[in-house]
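[1] any chance you can model this:
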Amino acid sequence: MDISNPHNLLAPRLPDSEHKFGIRVGLPAADPLRDVLGADWHREHWFASAGERDAALREMARRHPFSRNGDTPSIRLETIQR
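    Numbers count the residues shown, from 1 in each chain. Reported below is the predicted structural model:
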């Protein structure tokens, strides 16, 4: 599934094949959104260094400031490496 606004993603500074450190974003097994996106849906974000990846992982894992009280993000974040 394509994202609705690809212009919101940061453009890679290196060709994708040169990014060695990544984050795979997926959905937990019990998430009802899997019925919409598909059981195997995931998105990968690649970075040139482990430091860049770790900083992005911290940002992605933090509680979004605009979330309602009691809302909990239902995503799985996993570090990957080529």
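[2] would you map the helices across this structure?
    Ranges of helices within the chain are 34-37, 50-61, based on DSSP state H.
[3] would JSON lines of those with distance to Glu44, mean neighbour count and mean pLDDT be doable?
    Using the backbone N, CA and C atoms, a C-beta is placed for each residue, glycine as well. Formatted as JSON lines, the helices of the chain follow (distance: least, Cβ to Cβ, whole Å; neighbours: other Cβ atoms under 10 Å; pLDDT from 0 to 100):
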{"stretch": "helix 34-37", "distance to Glu44": "15", "mean neighbour count": "12", "mean pLDDT": "92"}
{"stretch": "helix 50-61", "distance to Glu44": "11", "mean neighbour count": "13", "mean pLDDT": "93"}
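[4] list the contacts for the residue lying farthest from the centre of the chain?
    Distance from the C-alpha centroid of the chain peaks at Asn69, with 22.4 Å (Cα atoms, centre = their mean). By Cβ atoms under 8 Å, 6 or more residues apart in numbering, no residues touch Asn69.
[5] any idea how many residues pack against His64?
    Neighbour count of His64, defined by other Cβ atoms under 10 Å: 9.
[6] still on that earlier bit, out of the helices of the chain, flag the one nearest His19.
    For His19, the closest of these is helix 50-61, at 8.9 Å, according to Cβ to Cβ.
[7] if we can go back for a sec, could you dump the helices of the chain to JSON lines with distance to Arg24?
    Listed next are the helices of the chain as JSON lines, based on distance: least, Cβ to Cβ, whole Å:
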{"stretch": "helix 34-37", "distance to Arg24": "14"}
{"stretch": "helix 50-61", "distance to Arg24": "11"}
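[8] looking at the ones you listed, which is closest to Pro28?
    Nearest to Pro28, of all the helices of the chain, is helix 34-37, at 8.3 Å by Cβ to Cβ.
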